[in-house]
Structure formats: C-alpha cells, structure tokens
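J.: A predicted structure for the sequence below; I have some questions about it.
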Amino acid sequence: MRPGAQILLLVVLAVAGIGVAAEFLVFQELQMQTDARIRQETTRARSIYDELQGVEAGKKIAEVRSRCLTPQLLDALTLEDPSERHFAVFKEAHVLAQARVKADILIVLDNDGIAIARNIDAKYQGVDLSSEPMVKQALGGEDGVGVWFFNGEHQLVSVVPIEQENRLIGALVVGNALGKQTAKDNTELLGGDFFLLDKSRVLASTMSGPDSKALLAYMESNREAMARVFESSEDGAKLEPVRVKLPSGIHWAVFSDFNQAVGGERIGYAIVNSVTRAASSLQETRNHFFLVLGVALFALLGWGVLIARTGRRPIEALFIGAQEILHGNRDYQWDQEAAGDLGAVGGTLNAMVAILLGKELPDEHEYNEAWEESLLIAEPLASDVSAPADTGEGEPEAVPAAEDAGLDADYYHSLFEKYVEARKECGLSTAGISEEKFVAKIKGNEELLCKKHSCKGIRFTVAVSGGKPALQAHPIK
C-alpha cells in the first residue's frame, strides 16, 4: 500500500474513532438529562395531584349536596313509621345512586349513625356505623372526602351531614369502589402511570401485572421507608422520588399518602414515569447512528483490504522476477508498460540487470513506438513477383525480379532506409530503430511466410497504410 493511502486510512479511522467517542459522550449526557427531567416531572406530577385531590374533594361534596339532598329524600327521612321510612328512603337512594350520581354505594344514616337504607339492599337497616371516623365527622356537622374500607372493598366516599331547618337529622355516604377505572382517570390527569396501594397489595394500577408485582417487591424490600406512608399518623406523608427497575424498564416513582381530605382507611398512591419510554426515540437515533457507522466502517475495511491487495500485486511481480533471475533465467524482463510506478521500476530493474550481466541496455523508445508491429500488413498481396506493389501514396514500387532476388546484396539495407524514410514522411519517430534488429525481424518473417505459402522466397516493399509505414510481402514462386 502506498504511504499516501496508509495515511488516508489512518486519518479516516482516527476520525471515525473520535466520532464514536464523541457520540458516546453526547448520548450519555442526553440520557442523564432525560433521567433528571423525568425525575423532575414525576415530583411535579405529585404536587399537581395533591392539589387536584383538594379540588376534586370540593367538587364531590358540591355534587352530593346538589344532587342527593333532594326534597324527596328529606321528606322520606321525616316519616315517623320506621318501615315506611326505610322503604321510602331506600327507593330514593336507589334512584339517586343509579340515575343521578352513578354511585356504587349510597348509605343514608339517622342522626345517631344508624343506617336507615342502602341503595343495593336492605340488610344495613339498623346497623350502627357511628364509630366509623368518617361517619363521626359527618354527624359532627362536617363534610369531607376519604377512603372507606366497606363491605370488602376500598371505597372513595364523600360524607355530608343532612340538615333540615338548621337541625341535624342524619348523614349521607356516597362513593365508588377504587379500581382500574380510578387509576385510569388519574393517569389521564397526570400522564405516566398511577397506582393505588395499601401496605401489602396493589389495589389498582394502569400497568401490567409483572410491573405491579415488581413494585410490590420493591415496597416489601423497603418496608421501613414505606411505613411512613401506610402507618404514620402524619397527614400527607410522602417519600422522595426513587429510581425503580421494573420489567418494562427504568422508572422514577413517588409514594404518598392518599388521604388528603378526611381521615379514613390508610392507603397510598404511586405516580410512576418511565425513563426507558421517554428515551426510546433517543435510543432509536443512537441505534441508527451505530448502524450507519457500522456500514461505514465495514466499507472502510473493504476499501483497506482492496488497497492492500492492489498494493501487494506489484510487490509480488517484483519478487517473482527476482526469483526467476536467481534461478538462472537471465533473459527475464520486468514489464516496463505496467500501470503506475511498477512500469518505471520494471524498466530500472531491467537496466540494472543488463549492466550486471554485461548486456545491451534496453531502449525505452523501442517499447513506446512499437515499431516492430508495422513490419507486416497481412497476407502477401501478390503471387507474381513481377506485379507492382502499391505504396498507397504516388507511383507503385517495382518488386525485384526472381533472378535478381538472391544477388541484391544491398536489398536489406535499402529496404531499411526506405522504411525509416517512410516513417519520417509520416511524422513518426525513428528513435530506437536499429538496422540489425530490423533485418533480423525481416528474415524471421521470410522464413515463416515461405513455409506458409510454399514459395522460394519473400520480398518486401514499403507501403503506407492508414498514415503509417508498413511492409507488404510478395512470394517468389
């Protein structure tokens, strides 16, 4: 391989190496920035959600008051007969839950906390619920929103005191079971994924089962930290963001106490944002870059191999010639017409070997002009030596008679001079043309043509064909 090609290859490889290193550092920096951004977004999502809880609590209370404290319900509560009161209240509660607020649970209580009716069935008639913290709050004249574990389910409920003529006559509990829909509703508000949790299980989530199990495993292995959310008496307890590895990738998660409005069942929530998903477009760009880089390096490698093989062939040619001479082939000649530097090197080596062996130096013009190729045109043009030969320009040249053919001592010398003169007239170089080689070539052609045409001899005349001098052969019968 030439030094220039080697330097170029090294430069290209160096640039490619620097490019890969720079690209790696750039993507590492972008990944760090993405990670920090997702952490910040997750923390901000929790702040937004805490504010939304308060707003949603107020909306729920207002909706219960406007939709559920109907005149029909108040009239039913004032009935004196317990049986009539129960069925009247039950009927109205069923209508309210099904048609107006679409509640899973709607319980009406008297001012002692005794359940009068429920929207689904009548089995809670007479049940004392006054010890429930949220019922106590409503009987104390305060409304609120919280979580109530009731009838085997976690319910998100609103509690409202029922008053008539400034007198407390009962309380109302309206709510819906916490489940996947609750998690989906919160996800639409926050983005990312949302979990509702108690200290031992996932109540609802928007993520897959394997991700939910992995989050539970994380909570189990960090019980001490999680106790602040699920067991502490501190309202609004929350943990710092943590980086969690789930089956779907790396995530940032925040864990907080769900009960922001009123006291109730202690559960928590988690907001989870995926770093992996956020960086997917970045990863695709990175993969595309490495694909292009790989193709470029593969092409560069192929180019390097091609250059190496191309550079090796001239060296092999020189080595083969040296081996030929070492093994006694003193007539071996390197190719002086080879492309590139090899031809010049071959000519130099031929001259060096000729000097060392005492031979005549090769004439470079001999190869450049290729004059020997013009010594014959084609087949003999006439079978009769008395026929004239057309030179192609001017009068035809007479062919020597048969009886004179063997007596013309100056034949070859005259033919040589005519050939040289014809080259000059055609504007061609005569450098490197020697009479000795000319005559040797002519005699060699005579022998070949005599055998081919079964004649006594061959005589030549000089002619011009296509602006170049050439020899026309004539048989002597």
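T.: Good, I have the coordinates. Note that the structure is a prediction, hence the values are computed from the model and not measured. Numbering: from 1, shown residues only.
J.: tell me where the model's unsure across the stretch 101-250 of the chain.
T.: 120-125, 187-189, 191 (pLDDT under 70).
J.: where do the helices sit along the stretch 51-200 of the chain?
T.: Under the criterion DSSP state H, counting those that start in this stretch, helices of the stretch 51-200 of the chain are mapped to 71-77, 82-95, 133-139, 180-190.
J.: need those helices in CSV (columns: mean neighbour count and distance to residue 469).
T.: For the C-beta atoms, the positions are set from N, CA and C on the backbone; glycine is no exception. Converted to CSV, these look like this (neighbours: other CB atoms under 10 Å; distance: least, CB to CB, whole Å):
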stretch, mean neighbour count, distance to residue 469
helix 71-77, 16, 130
helix 82-95, 17, 124
helix 133-139, 20, 123
helix 180-190, 15, 97
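J.: closest to residue 353 out of the ones you listed?
T.: Closest of the helices of the stretch 51-200 of the chain to residue 353 is helix 180-190, at 88.4 Å (criterion: CB to CB).
J.: now for the closest one, which elements pack on it?
T.: Here helix 180-190 touches helix 3-68, strand 193-197, strand 202-205, going by 3 or more CB pairs under 8 Å, 6 or more residues apart in numbering; DSSP states H and E.
J.: ok, and what's touching it?
T.: With CB atoms under 8 Å, 6 or more residues apart in numbering as the contact definition, helix 180-190 has outside contacts at 45, 48-49, 52, 156, 176, 193-196, 204-206, 269, 271.
J.: before we move on, the earlier item: want to try a markdown table for the helices of the stretch 51-200 of the chain, with distance to residue 331 as columns?
T.: A markdown table is the format used below for these (distance: least, CB to CB, whole Å):
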| stretch | distance to residue 331 |
| --- | --- |
| helix 71-77 | 126 |
| helix 82-95 | 120 |
| helix 133-139 | 116 |
| helix 180-190 | 91 |
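J.: what about residue 64, how many neighbours?
T.: 25 (other CB atoms under 10 Å).
J.: these two touch, right, it and residue 161?
T.: No - using CB atoms under 8 Å, residue 64 is not in contact with residue 161, being 10.9 Å away.
J.: overlap of the contact sets of the two?
T.: 143, 172.
J.: may I see the buried residues of the host helix or strand of residue 441?
T.: Taking DSSP states H and E as the definition, one finds residue 441 inside helix 435-453. The neighbour-count check on helix 435-453 (16 or more other CB atoms under 10 Å) flags 438, 442, 445, 446, 449 as buried.
J.: doesn't residue 351 fall inside a strand?
T.: No - using DSSP: H, G, I helix; E, B strand; the rest coil, the assignment for residue 351 is helix, not a strand.
J.: now do it, the pLDDT please.
T.: pLDDT for residue 351: 75.
J.: go on, residue 299?
T.: 67.
J.: which of the contacts of helix 180-190 sit farthest apart?
T.: Maximum distance among these (CB to CB): 22.8 Å, for 45 and 176.
J.: so if I had to pick from those two, which one is more boxed in?
T.: Using other CB under 10 Å, the more surrounded residue of residue 45 and residue 176 is residue 45, with 21 against 18.
J.: hmm, back to that, any chance of the buried residues of helix 435-453 in a markdown table, plus distance to residue 230 and pLDDT?
T.: Conversion of the buried residues of helix 435-453 to a markdown table gives the following (distance: CB to CB, whole Å; pLDDT from 0 to 100):
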| residue | distance to residue 230 | pLDDT |
| --- | --- | --- |
| 438 | 114 | 84 |
| 442 | 116 | 85 |
| 445 | 113 | 82 |
| 446 | 118 | 84 |
| 449 | 116 | 84 |
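J.: now these as CSV including distance to residue 245?
T.: Converted to CSV, these look like this (distance: CB to CB, whole Å):
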residue, distance to residue 245
438, 92
442, 94
445, 91
446, 96
449, 94
